[in-house]
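A.B. asks: Build me a structure from this.
(one chain, ligands or ions: 1)
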Amino acid sequence: MNYYLAPMMGYTDCYFRSLIENIYGNRVLTFSEMIVDKAIIHNEIKTISKHFLEKNKSAIQIAGSDPQEIKRTINILNRIDIIKHVNFNLGCPSSRVQENMLGLALTQNYDLVKKCLFELINYKHEVSVKCRLGLGMNEDKNYIFSYLNLFKDIGIKKVFIHCRNGVLNLDTKKNRTIPQINYELFLECSKKFPEMELIPNGEVNDLETFNSFKSKNINKYMIGRQFAKDALFLEKLKLEKINDKTSLVLDSIKELDNYKYLNINLLKKSLFTLINNISNSKGIKKDISIIDNTKDLLNYIERKIIWT
Ligand SMILES: Cc1cc2nc3c(=O)[nH]c(=O)nc-3n(C[C@H](O)[C@H](O)[C@H](O)COP(=O)(O)O)c2cc1C
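C.D. replies: Model prediction:
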């Protein structure tokens, strides 16, 4: 596993994750959109069956701030066989998430994070955390160092670090461009915590960045928006090869056959991420946009040479 598809609300639904998983196989591990623990506690069956296919390979990302609720959530997840990895969100800055003291806002309260993580680690499979490099506009090494020490002491080794600070009371979109990316501090963390598996996230999109990380022995990356813009970008950068895309895409669509919540428009939205940057992209998208059922979609993909 070299790549991780970052959790993204409104993108990493089970359609998109299934496409990425079929196309890249075990080279990419995918993460669900953030799911608040209360949704699992109060509506377990619907929440899980909406977000995960029967043959699920994705990790679940959860958010919570009440240790007792996290405990109940972990008890539930311990009974669900199709999920094998729980990731805890400590980086989301959105105002709604902030109001509920989740994500980035929770990290204002170190002791509460600690209590939450103590419950999280009762999960019987893999546990990881996704966090920011700092809180607020200014570099603060103490923030990330003290959290990495906490994760290490608690026994959470795998940490996905969005390599820019998160800023509360700044809208979510701006929080993906402000403040500047700070890979230097990420590299310092990697050196300081060699026993941990720290995975960089944040604009890891081009060869220069990949090569620069590789030269420092960082060989695993979490990527979000670039997968959503052009799911084949790893092939275009000649980092990965994908044979017979058509049959992989067909397999992915067939996998959705038994999916109770199938929504053809969401399926097409995910499919477009594979079509955005190819020749005749506009024409193909136009054809697909008028298709309204999976059978016709399968026929169209089978007949048309979309990917050469
Ligand atoms: C539309 C959108 C939704 C996101 N939703 C989540 C989320 O649910 N959980 C999370 O941890 N991060 C979320 N993020 C942040 C991404 O996981 C990632 O950290 C961020 O986009 C930076 O990586 P990138 O530059 O590769 O996109 C979201 C980002 C975007 C663009």
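
A.B. asks: which residues in the stretch 101-250 of the chain form strands?
C.D. replies: With DSSP state E, counting those that start in this stretch as the criterion, the stretch 101-250 of the chain has strands at 126-132, 158-162, 197-201, 221-223.

A.B. asks: Dump the ones you listed to CSV, plus mean neighbour count and distance to Leu29.
C.D. replies: Any C-beta I mention is one placed from the backbone N, CA and C, and that applies to glycine too. Formatted as CSV, the strands of the stretch 101-250 of the chain follow (neighbours: other CB atoms under 10 Å; distance: least, CB to CB, whole Å):
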stretch, mean neighbour count, distance to Leu29
strand 126-132, 23, 10
strand 158-162, 23, 11
strand 197-201, 21, 10
strand 221-223, 21, 9
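
A.B. asks: Could you dump the ones you listed into a markdown table with distance to Tyr4 and mean pLDDT added?
C.D. replies: Listed next are those as a markdown table, based on distance: least, CB to CB, whole Å; pLDDT from 0 to 100:
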| stretch | distance to Tyr4 | mean pLDDT |
| --- | --- | --- |
| strand 126-132 | 9 | 98 |
| strand 158-162 | 7 | 98 |
| strand 197-201 | 6 | 98 |
| strand 221-223 | 4 | 98 |
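
A.B. asks: Turn the ones you listed into a markdown table, columns for distance to the ligand.
C.D. replies: Shown next, in a markdown table, are the strands of the stretch 101-250 of the chain (distance: least, CB to the nearest ligand atom, whole Å):
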| stretch | distance to the ligand |
| --- | --- |
| strand 126-132 | 5 |
| strand 158-162 | 4 |
| strand 197-201 | 5 |
| strand 221-223 | 5 |
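
A.B. asks: Between those, which one is closest to Leu102.
C.D. replies: strand 126-132 (12.4 Å; CB to CB).

A.B. asks: mind listing what's buried in the one helix or strand in the chain whose mean pLDDT sits lowest?
C.D. replies: Sorting the helices and strands of the chain by mean pLDDT, DSSP states H and E puts helix 95-99 at the bottom, at a mean of 85. Going by neighbour count (16 or more other CB atoms under 10 Å), the buried part of helix 95-99 is 97-98.

A.B. asks: Kindly report the same for stretch 216-229.
C.D. replies: Applying 16+ other CB under 10 Å to stretch 216-229 flags 218, 220-224, 226-228 as buried.
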